[in-house]
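>>> structure for the following, please:
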Amino acid sequence: MIEKAIFAAGCFWKVEEEFRKVSGVVSVKVGYTGGEKENPTYKEVCNTDTGHAEAVEVTFDSEKVPYKGLLEAFWNMHDPTQKDRQGFDFGRQYRSAIFYLNDKQREVAERYKQELDESGKYDKEIETEITPAGVFWEAEEYHQKYFAKQRSEA
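All right, here's what the predicted structure looks like:
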């Protein structure tokens, strides 16, 4: 069955690239969600207080990769203990967040986060937010498949 999931884990270019490698992922779009501004631009998200995070909308075949498999990939592609930053990128738009689309996704995400907390894998508290998904605003075309475009131009 084809489903969608939305994640934020820092700069959306890297997150998009990592999710494209997951078997069972059909497509990945980069965009913005979690804020108040309608149809925000990249510049607005980076330079003003829209409340949005740089995020990815993952379309996946749940018969090939369950939602929990996406969560595993998500938590392995970034440092979920950093609040409002990833590496050199900092600001609310770079927060770690799972934007659930239904109660099942919320339950699985909360359970997985609790298991990670209890496992002792991280020395610090996991800062990942688990929150209901709002509108996903697709980013400008030049951001879509950004790394693939850069490789093809080189």
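>>> list the helices and strands the lowest-mean-pLDDT helix or strand in the chain packs on?
The helix or strand of the chain with the poorest confidence is helix 146-153; it has a mean of 76 (mean pLDDT, DSSP states H and E). With contacts taken as 3 or more CB pairs under 8 Å, 6 or more residues apart in numbering; DSSP states H and E, helix 146-153 sits against helix 12-20. The way it works is simple: take the backbone N, C-alpha and C, and place the C-beta from them, glycine included.
>>> need the next SSE after the helix it packs on, C-terminal direction.
Downstream of helix 12-20, the first helix or strand assigned by DSSP states H and E is strand 25-33.
>>> residues in contact with whichever helix or strand comes after that next one?
Following strand 25-33 in sequence order, the next helix or strand is helix 42-47 (DSSP H and E). Residues from elsewhere that reach helix 42-47 (CB atoms under 8 Å, 6 or more residues apart in numbering): 32, 35, 37, 50, 52, 54, 91, 93, 139, 140, 143.
>>> okay, now the unreliable bits of the chain?
Residues of the chain that meet the criterion pLDDT under 70 lie in 152-154.
>>> 80 instead, please
Within the chain, the ranges that satisfy pLDDT under 80 run 149-154.
>>> where does stretch 55-71 sit relative to the chain's centre, distance-wise?
Centroid separation for stretch 55-71 versus its chain: 11 Å, with CA atoms, centre = their mean, to the nearest Å.
>>> and stretch 142-154, by the same measure?
Centre-to-centre, stretch 142-154 and its host chain are 19 Å apart (CA atoms, centre = their mean).
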